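Enquirer: quick one, what's the 3D model for this:
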Amino acid sequence: MRCGGWRACRSTIRANVAPKLKGSFFTLNLAQTRAAFESVPWVRRAVVHRVWPDRLSVRLEEHRAAALWHADDGNDRLVNTEGEVFEANLGDVEDDALPTFAGPEGTSAHMLTMYQRLQPVLAKLDMTIDTLNLSGRGSWRAELDSGADIELGRGSDDEVLARSERFVRTLTQVTARYQRPLQYADLRHADGYAVKLKGITTSDKPVAGKKRN
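Expert: Coordinates of the predicted model:
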């Protein structure tokens, strides 16, 4: 549990759960008891059952943070390794390098899957996704930790990944010529992509990955 040690965890659990428990060992509602434990920050799932003659057995599963979830209402939350959004104190997050997801409600699991497929592709060029965005129309955009933006566009996950792999295979042919870092890339072209390098403005037409006659 992310609460500063076992004793602190026990205190946090007791403070959150105890006021919600009503009844004796025999009359305690196990479903309500389970819900009370699951209302504690960082608790994903609780399994509760009676142990005769007078004890309760409680097993807790902790959320494991995989990403930050940026909400339009400003109530930023977390995404666990199952792709579920949950609320917790962001200050308790131990990993400072978590990516941020920004997308429509209900898309967190899909976004986690896409991130897990896309990041290894971009990592071939030492690129790290800082923020992954999914618009309401299904268009993907990646903001890198370098400050560069990549418009990935719409389509199936496989189509987006195919465009990204083509981009990674051929980008060095462009950057090597000018010796400038990437500032922006637009992969939404059927037969290539457009790039902008820092200090150099290029045409909005595809500049790589395109066969010319």
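
Enquirer: elements contacting the lengthiest helix in the chain?
Expert: When the chain is scanned for its longest helix (criterion: DSSP state H), the result is helix 157-178. Using 3 or more CB pairs under 8 Å, 6 or more residues apart in numbering; DSSP states H and E as the contact test, the elements touching helix 157-178 are helix 108-122, strand 149-153, strand 182-186, strand 194-197. The way it works is simple: take the backbone N, C-alpha and C, and place the C-beta from them, glycine included.

Enquirer: quick one: which of the ones you listed is nearest residue 35?
Expert: helix 108-122 (21.8 Å; CB to CB).

Enquirer: now could you export just the CA positions of the helix or strand following the closest one as PDB?
Expert: Later in the chain than helix 108-122, the nearest helix or strand by DSSP states H and E is strand 129-134. Taking Å, rounded to 0.1, in the frame of the first residue of the first chain, the C-alpha atoms of strand 129-134 are listed here in PDB:
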ATOM      1  CA  ILE A 129       6.100   9.200 -25.000                       C
ATOM      2  CA  ASP A 130       5.300  11.800 -22.400                       C
ATOM      3  CA  THR A 131       1.600  12.300 -23.200                       C
ATOM      4  CA  LEU A 132      -0.600  10.100 -25.400                       C
ATOM      5  CA  ASN A 133      -3.800  11.900 -26.700                       C
ATOM      6  CA  LEU A 134      -6.900  10.300 -28.200                       C
END
